[in-house]
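Colleague: Pasting a predicted model and its sequence here:
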There are 2 protein chains.
Amino acid sequence: MESTKKRILKASRNLFNAQGYSNISIRMIAKGANMSVGNLNYHFRKKNDILEALYFEMISYLDLRLDELNQKNINLSYLLNGTLLNKRKMIEYRFFWVDLFFLLSNSPKIKKHFDARLSKRKEGYAYIFEKLIEKKLMVNIKKKIELTYLTSHLINFGNTWLYSSVLNYQIKDVQNHIRQQSFLMLSILLPYLTNKGKREFYGLFSERVKNKALM
Amino acid sequence: MESTKKRILKASRNLFNAQGYSNISIRMIAKGANMSVGNLNYHFRKKNDILEALYFEMISYLDLRLDELNQKNINLSYLLNGTLLNKRKMIEYRFFWVDLFFLLSNSPKIKKHFDARLSKRKEGYAYIFEKLIEKKLMVNIKKKIELTYLTSHLINFGNTWLYSSVLNYQIKDVQNHIRQQSFLMLSILLPYLTNKGKREFYGLFSERVKNKALM
DNA sequence: TACGGATTAGGACGAATGTACTAAAATCTA
DNA sequence: TAGATTTTAGTACATTCGTCCTAATCCGTA
């Protein structure tokens, strides 16, 4: 029972990632999961139910990380690792991030959760800034509008890096790509780091990528 | 003859913007343009032909601006105005930028042009940086990797700001939204501006938005 | 072993899609 | 005005889609 559902979700995810949600039919999923259409329909009455199950599979992981934020020791190394973990999970469900607008407008349930998550993410970044400034890793940004801009850029990057990726590159080495994109994300913060912060950033940088080309 | 094609394109654009390319059928377009399906099919044999016509309608405008870059006097005011113009055009064809990945994968012709455009855009930014540094509006970035990051952020923002917008906001006042997004885009450059550059930026800022809230 | 609910398969249904075809109408040209 | 070409409308076609329905099968339990 349980394993059949998992089997369906796994097949769906693979097919969605390969060809996009709209291009995959119920019949293709059934074939991919080695079962009949009727059986598939027994476990998931609507195609949308599969989408929602996959979304919450992914987002519960991301939410967990967001909720734990205030128990963690925030520094650039932690941020990099967190970003790597998030991006790894996102790329497992990349079909979603590549088609975000369409999928959100087709599922009010997902849309609702996604919207509520936005304000939590903003709070998360405010907390991160606070801690980085405390540790003298980040400069104290005086102008409030600059802080708002910075937050927007980080949030938008989180939503769109995969979308941008599929537009601009053919991703060959997934792990390497995730590393690149994580550094690219952190680089939004870079000009607002103190010298101490910048040293930490470039330390992580040379440690992680070493002799790998970044572009 | 010519005006019939225009009528079809206009109706298509409106419908695509309102409901998305995939959700609009040939029959709906025909109804929107006050003509029969048969007639529509006479002017555009494939639905894809409409998409391609719309794309080149939009992109030829953007390409024009890109090609003229080296004849222009580059400063922050020029950049802001250019960004405003581009965004205005993009929002007229917003269906495209909200569904970019899907549409690119469905039209090799568009995909090819889009890819070729990427390197031209990179060159454009390199030219802009050069001119801004010459005029002591921007600091000379020593680390090459930082310059690469900066370029990526600008290009990705250009591709995804509309995508982000529909995710996070309900756009009510279009003109105001375009202004906000243009400043948000310029703010990517902000930490790399000299004091002179920063003054120019905030000068434009207070001049343009005055008493309008930005967020 | 017999019963009953859970699971599976297969097919049917109605709706919608993009495109092709045909004939009528409108417009242009000589 | 007569003939030819372009434009228009209406319909047909084949396909695909998500979902529903029914009957067969499996499997744990009494």
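Modeller: Happy to help now that I have it. Numbering: from 1, shown residues only, chains lettered A, B, ... in the order given.
Colleague: For the residue nearest the centre of chain A, give its distance to A:Leu76.
Modeller: Nearest to the geometric centre of chain A sits A:Met90, at 4.1 Å (Cα atoms, centre = their mean). A:Met90 is 21 Å from A:Leu76, where distance means Cβ to Cβ, to the nearest Å. For glycine as for every other residue, the C-beta is placed from the backbone atoms N, C-alpha and C.
Colleague: Am I right that A:Ile141 is in a strand?
Modeller: No: counting by DSSP: H, G, I helix; E, B strand; the rest coil, A:Ile141 is not found in a strand; it is coil.
Colleague: Just give the number of residues close to the closest residue in space to it that isn't next to it in sequence.
Modeller: Excluding its sequence neighbours, the residue lying closest to A:Ile141 (Cβ to Cβ, 6 or more residues apart in numbering or on different chains) is A:Leu147, at 4.9 Å. For A:Leu147, the count of nearby residues is 16 (other Cβ atoms under 10 Å in any protein chain shown).
Colleague: Give me the pLDDT for the residue nearest to the centre of chain A.
Modeller: The model reports A:Met90 with a pLDDT of 98.
Colleague: do the same with A:Lys172
Modeller: 89.
Colleague: Over to the one 3 residues further on?
Modeller: A:Gln175 carries a pLDDT value of 94.
Colleague: And A:Asn168, by the same measure?
Modeller: Note for A:Asn168: predicted pLDDT of 86.
Colleague: From B:Arg88, how far off is it?
Modeller: Taking Cβ to Cβ, one finds A:Asn168 at 24 Å from B:Arg88.
Colleague: ditto for A:Asp173
Modeller: A:Asp173 is 39 Å from B:Arg88, by Cβ to Cβ.
Colleague: Which strand or helix spans the closest residue to DNA strand C within chain A?
Modeller: Nearest residue of chain A to DNA strand C, counting by Cβ to the nearest atom of the strand: A:Gly38, 2.3 Å away. Using DSSP states H and E, A:Gly38 sits in helix A:37-43.
Colleague: what's the spacing between that helix and its chain's center?
Modeller: Offset of helix A:37-43 from its chain centre (Cα atoms, centre = their mean, to the nearest Å): 30 Å.
Colleague: got the contact list for it?
Modeller: The contact list for helix A:37-43, computed with Cβ atoms under 8 Å, 6 or more residues apart in numbering or on different chains, reads A:4-5, A:8, A:26-27, A:29-30, A:33.
Colleague: And stretch A:96-107, by the same measure?
Modeller: Counting by Cβ under 8 Å, 6+ apart, A:16, A:20-22, A:48, A:51-52, A:54-55, A:58, A:90, A:110-111, A:114, A:159-160, A:162-163, A:166, B:20, B:22, B:98-99, B:101-102, B:163, B:166-167 sit against stretch A:96-107.
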